[in-house]
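>>> Here is a sequence together with a model predicted from it:
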Amino acid sequence: MIAVDTNILVYAHRREAKEHPLAANVLARLAKGPSGWAIPWPCIYEFFSVATNRRIWKEGASTGQQAWAQVEAWLASPSLVMLSETNDFPLVLSELLIRPRVAGPVVHDARIVALCLAHGVEALLTRDRDFSLFPELSTEDPFAEL
């Protein structure tokens, strides 16, 4: 199963992003495909925060209604699995959090990795290089060729 990080969700939603066409295509293929794909719930929260942030999108942040409509569109995919905490999540997370360079914003990334590992995710689609701190989870940058 492939999971999708916040930055890919944002690019797929924001048409003015140069990465939009590719990100939208990637998500459309996942959503329409027969294989399961995943979004960690914290990535939905972060997507909503970024998409509606007026400081980031000076020419017009998404409204709450627009951002939630996008989330609902993703949730409508029958092959989507939403990743949330499992019974063994604290154990998985604690092993990631105690690493020397895991502090500040990287704690959020550790949580995403722990969710993916707890659910058996094979790879995370992301542009975030901080995930390299967690070699247990393979990452793929769909924009590497750009």
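Yes, it's here. Numbering: from 1, shown residues only.
>>> Now do the contacts for the most centrally placed residue in the chain.
Closest to where the C-alpha atoms of the chain average out (CA atoms, centre = their mean) is Asp5, at 1.7 Å. For Asp5, the contact set (CB atoms under 8 Å, 6 or more residues apart in numbering) comprises Cys43, Ile112, Leu124, Leu125, Thr126, Arg127, Asp128, Phe131. In this view, the C-beta of every residue, glycine as well, is placed from N, C-alpha and C.
>>> Where does the prediction get shaky in the chain?
Applying pLDDT under 70 to the chain flags residues 145-146.
>>> hmm, back to that, what's the spacing between the residue found closest to the residue nearest to the centre of the chain once you drop the neighbours it is linked to in the chain and Ile98?
Ranked by CB to CB, 6 or more residues apart in numbering and with sequence neighbours excluded, the top spatial neighbour of Asp5 is Thr126, at 3.6 Å. From Thr126 across to Ile98, the span is 23 Å (CB to CB, to the nearest Å).
>>> Can you pull the phi and psi angles for Asp5?
Phi and psi for Asp5, reported as degrees, to the nearest 10, are phi -90, psi 170.
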